[in-house]
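Chemist: Turn this into a structure:
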Amino acid sequence: MFRTVDQLLTGVASGPVEMAANLLVSLDGATLQLTSITGQVEIVVESLRAAVRIVRTEGETLRKLDETLAAGGITAPVYVAGARIAMLGANAEPGWLSKRLADGRTEVDGWGLMKAMPRRLRQHVRQVRVRRAA
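Modeler: Predicted coordinates:
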């Protein structure tokens, strides 16, 4: 059994990957839930704030997770509040938003980020957009 996230990622990267799990991982005080019941791996982060904190502080761990998933031919969507905010792994297609907001390897979904934002923040973004258009 693996005692740390690093041991888990190293062990998984060493051979073929078949995910059938429900795993809770704590990174920088935020909880990630990795699940795979139907064969597709999904990563659920408790909040958008936690996801941002993880991206800012756990770059090396995210790089290893991305490499492990890609090596196994696995693509994992990342969800916050039911909205897909990112994709990691084999079929992730990072774009300009990924380079601006994340690590450049993770595909970032702008619409998903908007959906995951707390309601007050979404309203503020809309107001700013309306003011700029006027």
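Chemist: What is the subsequent helix or strand relative to the helix-or-strand element of the chain with minimal mean pLDDT?
Modeler: Lowest by mean pLDDT, DSSP states H and E among the helices and strands of the chain is helix 5-13, with a mean of 59. With elements assigned by DSSP states H and E, the helix or strand that comes after helix 5-13 is strand 21-27.
Chemist: Now that next one - C-alpha only, PDB.
Modeler: Written as PDB, here are the backbone C-alpha positions of strand 21-27 (Å, rounded to 0.1, in the frame of the first residue of the first chain):
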ATOM      1  CA  ALA A  21     -10.900   3.500  -6.900                       C
ATOM      2  CA  ASN A  22     -12.400   6.000  -4.600                       C
ATOM      3  CA  LEU A  23      -9.400   7.800  -3.200                       C
ATOM      4  CA  LEU A  24      -9.300  11.000  -1.000                       C
ATOM      5  CA  VAL A  25      -6.100  13.000  -1.200                       C
ATOM      6  CA  SER A  26      -5.300  16.000   0.900                       C
ATOM      7  CA  LEU A  27      -3.100  18.600  -0.800                       C
END
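Chemist: and it, which strands flank it?
Modeler: Note on strand 21-27: by DSSP bridges, its sheet partners are strand 30-36 (antiparallel).
Chemist: avg pLDDT for the partner strand?
Modeler: Here strand 30-36 scores 78 as its mean pLDDT.
Chemist: Quick one: distance of that strand to the chain centre.
Modeler: 10 Å (CA atoms, centre = their mean, to the nearest Å).
Chemist: Can you give me the pLDDT of the residue nearest the centre of the chain?
Modeler: The residue lying closest to the centre of the chain (CA atoms, centre = their mean) is residue 78, at 4.0 Å. At residue 78, the model reports a pLDDT of 93.
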